[in-house]
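*Asks:* Have a look at this prediction, sequence included:
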Amino acid sequence: MHKRLKRGLFFIMIVLIVLLAIYLKNQMPSTVQITQYNSSQTNAEDIAQKLQSTQLTKKIIMALRAEGYQPDSTIEYLIDSADNQIITIHLHDLEKLDSRTESKIQKIVTGIAEKNNFNLFIVDIQLTNID
């Protein structure tokens, strides 16, 4: 239920951002607002292209599996800017998450991000039990 709520809120947030972007596009915003909007949009598009071209998701999943973890085949990204990036990883068959495991996964993600010229990600780990 908690997972559905998070995804629902995320979806609503995306819809609101799209509606806000459409509204701003149809208004006569000041030059500063246009520059900020275009810069933010360009930055997000650049990061999305870089995620695809570097195959970052695939590399992270493979590295986690090599360490014995069982992540989903997808990873969620929430990128506000190059300096504010969150990555959510869903792990299966892990009963509890301790600080050692979190630190180890953060280190794996950080190493791969650095090798692919990304700024650091804040890692959010969600446990998913398969019944």
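*Replies:* In hand now; what should we look at?
*Asks:* quick one: the lengthiest strand in the chain to chain centroid distance?
*Replies:* Ordering each strand of the chain by length in residues (DSSP state E) puts strand 84-92 first. Chain-centre distance of strand 84-92: 6 Å, with C-alpha atoms, centre = their mean, to the nearest Å.
*Asks:* Let me see the backbone angles for the nearest residue to Lys50 once chain neighbours are set aside.
*Replies:* The shortest distance from Lys50 to any non-neighbouring residue, by C-beta to C-beta, 6 or more residues apart in numbering, is to Phe118 (7.2 Å). Using the backbone N, CA and C atoms, a C-beta is placed for each residue, glycine as well. As for Phe118, its main-chain torsions (degrees, to the nearest 10) stand at phi -100, psi 150.
*Asks:* can you check the one 10 residues further on too?
*Replies:* As for Thr128, its main-chain torsions (degrees, to the nearest 10) stand at phi -130, psi 110.
*Asks:* ok, the most centrally placed residue in the chain - contacts?
*Replies:* For the chain, Tyr77 is the residue whose C-alpha lies nearest the centre (C-alpha atoms, centre = their mean; 1.3 Å). By C-beta atoms under 8 Å, 6 or more residues apart in numbering, the residues touching Tyr77 are 51, 85-88.
*Asks:* That concludes my questions; thank you for your assistance.
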